[in-house]
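A.B. asks: need coordinates for the below:
(chains A and B)
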Amino acid sequence: MDVRVEGQMVDAPAEADLAAVLRKALSGKKFKTVVAARAVTGGESLLLDLSASLPDDCHELIPVYADSPEGLQLIRHSTAHVLAAAVKRLFPAARVTIGPAIDNGFYYDFDVERPFSSEDFPAIEAEMQKIAAAREPFTREVLPRAEAEARFRGMGETYKAEIIEGIDADTVSLYTCGDFTDLCRGPHVPHTGFAASAKLLSVAGAYWRGDEKNPMLSRIYGTAFADDKALAAYLRQMEEAKRRDHRKLGRELHLFTFQEDVAPGMVFWLPKGMLVRAILEDFWRKEHLKRGYDMVQGPQLLRVETWQRSGHYDHYRENMYFTQIEDDAYGIKPMNCIAHMLIYKNELRSYRDLPQRYFELGVVHRHEKSGVLHGLLRVRQFTQDDAHILCAPDQLEGEILDVIHLIRDLMNLFGFQYKVAISTRPESSIGTDEAWELATGALIQAVEKAGLPYEINEGDGAFYGPKIDVRLLDCIGREWQCSTIQVDFTLPDRFDLNYVGQDGERHRPVMVHRAIMGSLERFIGVLIEQYAGALPVWLAPEQARLLTVTEAGDEAVLKLRDELKAQGIRVALDTRNEKLGFKVREAQLAKVPYILVVGEKEVQAGGANVRLRNGDNLGLKSGGEIAALIRADAEEPFKQGGMRYSFA
RNA sequence: GCCGCCUUGGCUCAGCUGGUAGAGCGGCUGAUUCGUAAUCAGCAGAUCGUCAGUUCAAAUCUGACAGGCGGCUCCA
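C.D. replies: Below is the predicted model:
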């Protein structure tokens, strides 16, 4: 039969394996880098081992190369097997569990008496190298389920046996490389030689099947590439990413600090960081006013009875801080919604008043478990750009759409890549089926109307309603939730919110909880990493720094400073008795966008020599020109989007 | 909260198998007036996270606690 391979037709004998077919079409050099192949039959293509025999109705074979994304995933998955094989040789008592490929690498979880530490890596890596050098073939066998289960039980591999119990099929496949056999769906690379460019990265505890109630396993993370060069490049890139870490940059740029012994998980904003925050807040308040929100502010402490009524006391107590004042118990707010509802309830509302959109930069406290704190990205006290929209049911979709547009505009302003997910009804939840259906439908319709790609997270919604979540990435690719939109039919009920409809009857409003930046702390943290500390000019705490060459420039520089300040430019002076190179270096490391040098020439001509933080030199410019330049630069990001910000 | 690792001056880090601490940057003082990523010199600054224990002797060993880092779980 004839099979197409990369454009050429190959005659494939019956019962040929994929490797034999590919070898006919590809040069020897090329063939060596093939790790698997996709067999195209009819409309679909199946990823198969090279040792698999050619499916009957296959008319095309697509080779999967080692350095392709799919090939890398296979290499990493196979390398996880090699890791497990090495561990079993060195620690025969270890029981294996699962070991998948993940983004940028793989992991394998083991049940061991003594958890692994990174000190075990050299020995394990050496053993892996030995296995790789032996180029052991990965061989596949298919067994009836019961037989496979018995075999793993016989080996004492109880976790594997447990996995097989859960598999809904008559047969399962096993893969063997050297002396190690693992339950695995496959496919795998042809031999262990493809696991040669691997490195173990870290150890971690992980619960069996991700459940806190299950035993803690010892997980080893690693990564693997097609060759050593690619591996080295990746490791260098990771080093580079660490330089963007907002915790490091926050310290170096004097933006914020933590005093762990005084207030763990709570930020001390330093003057420069607070200035960034203040600008961001100012912009954001104005944007909300433009979009029809009203600013409100509720109290920080509410009496405990209120939290009991809202359900927070039952469902959220472990995350709350409480305090006792005289004879009364108070809870510090972990959310802003209750106060906003009480503000709504302060007056009798008509359908004509809807929607009511209450906006608050609300400071909330949540007692997060100690192990989860992470710089600005996970804290215990944070400020939400929170709003609660109370509307009639038929206004719901339009309101959600407006919120999505606001999210889109903000993300575009900063050039963030983001992921959207819709979370549906969880098992333990309250409310009627109709309400859930209506709310979920409204969310999906709105997201589709806005043209955003999204995924569905089944059963991941809040207990009172479904939600849209938007996640941003930090510098090493971890996802952090920022925006969230939640539809809530329950709390308006619990607090007996009403509006008088056209019919003169009382009706229940729907509440949309939404935050766009999510938490200002987290958002600024991601922002710092996104820009590697070099914030856009409109947010830069110090937009320009004037440097003198000698003290002969002192007088001129003061005049220039005042001129720029009068134009609303945030400008600082460096008239220290240091060499120019030293001052330029410090300004550049401080990521000041405009470095303005005043020496003898500039004193004569008036103005300053303009250097940008990327090293470009724009030459001599007058004070007026410089101010115009900086303002134009500050306004640049706002040109495309639907937003404006006036620089007063 | 759970698992592993870590915790030495403001920052980054040395300190080997136990004999009561070092450097660079930064700070201060002085000299230098020097044109686009580091001018030179001097000085100050740490009971080595906390509390116990082992020891003649602990930054170094043991334990508990606190905090941090990487994960798990959770979440904005």
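A.B. asks: relative to residue A:295, how far out is residue A:638?
C.D. replies: 22 Å (C-beta to C-beta, to the nearest Å). From N, CA and C alone the C-beta is placed, and that goes for glycine too.
A.B. asks: who's more crowded, those two?
C.D. replies: residue A:638 (16 against 12; other C-beta atoms under 10 Å).
A.B. asks: quick check: that one touching residue A:413?
C.D. replies: Yes - between residue A:638 and residue A:413 there is a contact under C-beta atoms under 8 Å: 7.1 Å.
A.B. asks: who touches residue A:10 in this structure?
C.D. replies: A:2, A:3, A:4, A:21, A:24, A:25 (C-beta atoms under 8 Å, 6 or more residues apart in numbering).
A.B. asks: ok, residue A:467 - contacts?
C.D. replies: A:422, A:423, A:443, A:461, A:484, A:485, A:486, A:487.
A.B. asks: what strand or helix carries the residue nearest to it when sequence neighbours are not counted?
C.D. replies: In space, and not counting its chain neighbours, residue A:467 is closest to residue A:486: 4.1 Å by C-beta to C-beta, 6 or more residues apart in numbering. Residue A:486 is part of strand A:479-488 when elements are defined by DSSP states H and E.
A.B. asks: put the alpha carbons of that strand into PDB.
C.D. replies: Extracted as PDB, the C-alpha positions of strand A:479-488 are listed here (Å, rounded to 0.1, in the frame of the first residue of the first chain):
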ATOM      1  CA  GLU A 479      -0.600  31.700  36.300                       C
ATOM      2  CA  TRP A 480      -2.200  34.200  38.700                       C
ATOM      3  CA  GLN A 481      -5.800  35.000  38.800                       C
ATOM      4  CA  CYS A 482      -6.600  38.700  38.400                       C
ATOM      5  CA  SER A 483     -10.000  39.600  37.000                       C
ATOM      6  CA  THR A 484     -13.100  37.700  38.100                       C
ATOM      7  CA  ILE A 485     -16.700  38.200  37.300                       C
ATOM      8  CA  GLN A 486     -19.200  36.300  39.500                       C
ATOM      9  CA  VAL A 487     -23.000  36.200  39.200                       C
ATOM     10  CA  ASP A 488     -24.800  35.900  42.500                       C
END
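A.B. asks: show me what the residue nearest to the spatial centre of chain A is bridged to.
C.D. replies: Centroid check for chain A by C-alpha atoms, centre = their mean gives residue A:479 as the closest residue, at 1.5 Å. Under DSSP bridges, the beta-bridge partners of residue A:479 are residue A:473.
A.B. asks: SS state for residue A:187?
C.D. replies: coil (DSSP: H, G, I helix; E, B strand; the rest coil).
A.B. asks: measure it to RNA strand B for me?
C.D. replies: 25 Å (C-beta to the nearest atom of the strand, to the nearest Å).
A.B. asks: for that residue, grab phi and psi.
C.D. replies: Here is the backbone geometry of residue A:187 (degrees, to the nearest 10): phi -80, psi 170.
A.B. asks: so who does it touch?
C.D. replies: Contacts of residue A:187 by C-beta under 8 Å, 6+ apart are A:36, A:47, A:48, A:49, A:52, A:74, A:140.
A.B. asks: backbone dihedrals for the residue nearest to residue A:430 when sequence neighbours are not counted, please?
C.D. replies: Leaving aside its sequence neighbours, residue A:430 sits nearest to residue A:490 (C-beta to C-beta, 6+ apart; 5.6 Å). Main-chain dihedrals, residue A:490, degrees, to the nearest 10: phi -90, psi -50.
A.B. asks: number of nearby residues for residue A:490?
C.D. replies: 18.
A.B. asks: tell me which residues of stretch A:288-295 are tucked away?
C.D. replies: A:288, A:291, A:293 (16 or more other C-beta atoms under 10 Å).
A.B. asks: do stretch A:391-398 as well
C.D. replies: A:391, A:392, A:395, A:396, A:397.
A.B. asks: quick one: residues in contact with it.
C.D. replies: A:351, A:354-356, A:399, A:438-439, A:442, A:445-446, A:487, A:499, A:501, A:507, A:509-510, A:512.
A.B. asks: just the endpoints, please. Distance across that stretch?
C.D. replies: Start-to-end span of stretch A:391-398 (C-alpha to C-alpha, to the nearest Å) is 10 Å.
A.B. asks: repeat for stretch A:158-172
C.D. replies: First-to-last residue span, stretch A:158-172, C-alpha to C-alpha: 16 Å.
A.B. asks: list the buried ones in that stretch?
C.D. replies: For stretch A:158-172, by 16+ other C-beta under 10 Å, it's A:159, A:160, A:161, A:163, A:164, A:172.
A.B. asks: thinking again about what came up before, buried members of the contacts of stretch A:391-398 into ChimeraX, please.
C.D. replies: Selection of buried members from those for ChimeraX, criterion 16+ other C-beta under 10 Å:
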select /A:354,355,356,399,438,439,442,446,487,499,507,509,510,512
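A.B. asks: which ones are touching residue A:438?
C.D. replies: A:393, A:396.
A.B. asks: whichever residue of the stretch 101-250 of chain A sits closest to RNA strand B: how many residues sit nearby?
C.D. replies: Using C-beta to the nearest atom of the strand, the closest approach of the stretch 101-250 of chain A to RNA strand B is made by residue A:205 at 2.4 Å. Close neighbours of residue A:205, defined as other C-beta under 10 Å, add up to 11.
A.B. asks: stretch A:558-565: how far from the chain's middle?
C.D. replies: 42 Å (C-alpha atoms, centre = their mean, to the nearest Å).
A.B. asks: kindly apply the preceding question to stretch A:427-440 instead.
C.D. replies: Remark: stretch A:427-440 is offset 28 Å from the chain centroid, using C-alpha atoms, centre = their mean.
A.B. asks: closest residue of the stretch 401-550 of chain A to RNA strand B?
C.D. replies: Closest point on the stretch 401-550 of chain A to RNA strand B, by C-beta to the nearest atom of the strand, is residue A:518, at 2.6 Å.
A.B. asks: can you pull the contacts of that residue?
C.D. replies: Contacts of residue A:518 (C-beta under 8 Å, 6+ apart): A:384, A:385, A:481, A:482, A:483, A:484.
A.B. asks: buried only: go through these for me.
C.D. replies: A:384, A:385, A:482, A:483, A:484.
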